[in-house]
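Colleague: From the sequence below, what's the structure:
(one chain, ligands or ions: 1)
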Amino acid sequence: MTEQNNETVQALQWKGTYLRVLDQRQLPDKLIYDNYQDAKRVAEAIVTMRVRGAPAIGIAAAYGVALSVSQHYLEAPNHWQQSVAEDIALLAKSRPTAVNLFWALAQMQAVLEQNPENPVMACVAYAEKIHADDMMANRQMGELGADLLVDAKGVMTHCNAGALATGGYGTALGVIRSAVSRQALNVYAGETRPWLQGTRLTVWELAQDDIPVTLLADSAAAWLMKSGAIDWVIVGADRIAANGDTANKVGTYSLAIVAKQHGVKLMVVAPTTTIDWTIESGEHIEIEHRNPSELLPTCYNTEGSLVNAWNPVFDVTPAELIFAIVTERGVVLNPTQHGMLEIKDVI
Ligand code: MRU
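Modeller: Got it, this is the predicted structure:
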């Protein structure tokens, strides 16, 4: 069974002096936690997708900064800043699309600057706050999103936007959890090629909570919608532009187009830490391309091979295809630049 705390699996656990991380690459076959005591290894855990999902990446990076300060401040109390700056730069390079990473690093940088006398305690406390705030935001979004689903009979999700991808409870899966506690709901999950976050993570996570779920091949989604089985597609986000354009796991854009064709609504669920107010539209979002080897059969994975692979791992769904963006500060229906301002400064 899973180690559960606060009802859902906890992928990231702060243990006072080190970070315990569930290795998501091993799921669902093995439940393996590793301990992390320095920022370089945390950065590597993000690069290699042991930790993944936008909010979880941000939280892990915040703990990474706390570990960096703890290590270097003790080793060299008079010139630790340079080493911490190098670790922050390394963490910032780990993945490009999830803005939660850069948000969390900027928050930790500010805490460092404001607490020159006691940086270790201040950074640890702030990383824990980022983690706790994310869990609270997920609960709030769960309730707000479930309010929209009162008449729904079926929903489909993509990738894993659950407890595993966040501080706990989840964004899209948080909404599904809250809705399932209120009403009968058929839940479908796309397998999410090539990393299979749907197959390996989402169905496992829901099964841990005794929530029935039906897995489908990504390419079966249009036919599922045609059948009338689902009313909503519910997804998370890696970065939302100021006009509501949303970057999420590759395949979300296709789902949005197919959903529109079939009168199925698209709900994006994300904390406000996923909104990048500095960019006007999704055109400015950097899309991560991962190694072609993640897609290619081994026989083509050679120097000089005639067979290559194109492997973008996110895409951008234009705001006009989104019915609702659910955040902890409120819901934006039919998002536009103007509508998004409603949640910008709400505290
Ligand atoms: O490549 P991943 O697994 O990090 O991609 C994750 C997603 O695309 C999620 O949908 C997104 O980060 C939201 S997680 C609450």
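Colleague: Relative to the ligand, which residue of the protein is the closest?
Modeller: Residue nearest to the ligand within the chain (CB to the nearest ligand atom): Gly236, separated by 2.8 Å. C-beta coordinates here come from the backbone N, C-alpha and C atoms, glycine included.
Colleague: count of neighbours near the closest residue to that residue other than its chain neighbours?
Modeller: Nearest non-adjacent residue to Gly236, counting by CB to CB, 6 or more residues apart in numbering: Ala161, 2.8 Å away. Number of residues near Ala161 (other CB atoms under 10 Å) recorded here: 33.
Colleague: swap in Leu224?
Modeller: Leu224, neighbours per other CB under 10 Å, totals 21.
Colleague: Work out for me the element it sits within.
Modeller: helix 221-226 (DSSP states H and E).
Colleague: for the ligand, what are the nearby residues on the stretch 51-200 of the chain?
Modeller: Contact residues (CB under 6 Å from any ligand atom) of the stretch 51-200 of the chain with the ligand: 52-55, 98, 159, 161, 165-166, 171, 197.
Colleague: As a check, name the ranges of all strands in the stretch 51-200 of the chain.
Modeller: Secondary structure of the stretch 51-200 of the chain (DSSP state E, counting those that start in this stretch): strands at 154-157, 186-190.
Colleague: Mean neighbour count, the ones you listed: which tops it?
Modeller: strand 154-157 (a mean of 25; mean count of other CB atoms under 10 Å).
Colleague: which other helices and strands contact that strand?
Modeller: Judged by 3 or more CB pairs under 8 Å, 6 or more residues apart in numbering; DSSP states H and E, strand 154-157 is in contact with helix 172-182, strand 186-190, helix 221-226, strand 232-235.
Colleague: Show me which positions of the first one end up buried.
Modeller: This points to helix 172-182. By neighbour count on 16 or more other CB atoms under 10 Å, the buried set for helix 172-182 is 172-180.
Colleague: now stretch 202-211
Modeller: Across stretch 202-211, burial judged by 16+ other CB under 10 Å covers 202-206, 208-209, 211.
Colleague: C-alpha coordinates for it, CSV please?
Modeller: Output in CSV follows, covering the C-alpha atoms of stretch 202-211 (Å, rounded to 0.1, in the frame of the first residue of the first chain):
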residue,chain,number,x,y,z
THR,A,202,-3.1,8.7,-12.9
VAL,A,203,-4.8,5.3,-12.8
TRP,A,204,-2.6,4.1,-10.0
GLU,A,205,-3.2,7.3,-7.9
LEU,A,206,-7.0,7.1,-8.4
ALA,A,207,-7.0,3.3,-7.6
GLN,A,208,-5.1,4.1,-4.3
ASP,A,209,-8.1,6.2,-3.3
ASP,A,210,-10.6,3.6,-4.5
ILE,A,211,-11.8,5.8,-7.4
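Colleague: from memory the residue nearest to Gly236 sits against Ala172, does it?
Modeller: Yes: counting by CB atoms under 8 Å, Ala161 does reach Ala172; the two are 3.8 Å apart.
Colleague: Identify the contacts common to those two.
Modeller: Residues touching both Ala161 and Ala172 (CB atoms under 8 Å, 6 or more residues apart in numbering): 235-236, 269.
Colleague: now the residues of the stretch 51-200 of the chain next to the ligand as JSON lines including distance to Asn291 and pLDDT?
Modeller: Shown next, in JSON lines, are these (distance: CB to CB, whole Å; pLDDT from 0 to 100):
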{"residue": "Arg52", "distance to Asn291": "15", "pLDDT": "98"}
{"residue": "Gly53", "distance to Asn291": "20", "pLDDT": "98"}
{"residue": "Ala54", "distance to Asn291": "20", "pLDDT": "98"}
{"residue": "Pro55", "distance to Asn291": "24", "pLDDT": "98"}
{"residue": "Ala98", "distance to Asn291": "18", "pLDDT": "98"}
{"residue": "Cys159", "distance to Asn291": "19", "pLDDT": "98"}
{"residue": "Ala161", "distance to Asn291": "24", "pLDDT": "98"}
{"residue": "Ala165", "distance to Asn291": "21", "pLDDT": "98"}
{"residue": "Thr166", "distance to Asn291": "26", "pLDDT": "98"}
{"residue": "Thr171", "distance to Asn291": "27", "pLDDT": "98"}
{"residue": "Gln197", "distance to Asn291": "17", "pLDDT": "98"}
